[in-house]
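Participant: Build me a model:
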Amino acid sequence: MKKIVAVLRPFDLQQNVYVYENGNKIDAQSIEMTKLNECIVELANKYNIKDISLLGPKAYSKGIKKQIEKEQLTKYNNKELNIEFI
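Facilitator: Numbering: from 1, shown residues only. Predicted coordinates for the structure are as follows:
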């Protein structure tokens, strides 16, 4: 099972995003906050991933979730992502 895990820290410019397959890390990136939603969507499409976990403050994560969903819908015209909060 493939999954993206984003570790969100509201006051940091760089956010850490990891791609896992069967529990093994296959990619890791440090992404600027302003490009986070775009990069997560690109990673999801690159690795054919449907599951995304956001680790961080709930209210902040909910805002990021909305941005990711909007990016996915406008750029790739589909709603296949399953985004959860950890």
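Participant: in the chain, which spans are helices?
Facilitator: Along the chain, the segments classed as helices by DSSP state H run 36-46, 58-76.
Participant: Leu8 contacts Ile31, correct?
Facilitator: No: with contact defined as C-beta atoms under 8 Å, Leu8 does not reach Ile31; the gap is 10.7 Å. The C-beta positions use only the backbone N, C-alpha and C, and glycine is treated the same way.
Participant: burial count for Leu54?
Facilitator: Look at Leu54: counted by other C-beta atoms under 10 Å, it has 23 neighbours.
Participant: which strand residues sit across from it in the sheet?
Facilitator: Ala6, Phe85 (DSSP bridges).
Participant: for it, what are its contacts?
Facilitator: By C-beta atoms under 8 Å, 6 or more residues apart in numbering, the contact set of Leu54 is 6, 8, 61, 64-65, 83-86.
Participant: pLDDT-wise, which helix or strand of this protein ranks last?
Facilitator: The weakest-scoring helix or strand in the chain, judged by mean pLDDT, DSSP states H and E, is helix 58-76 (a mean of 91).
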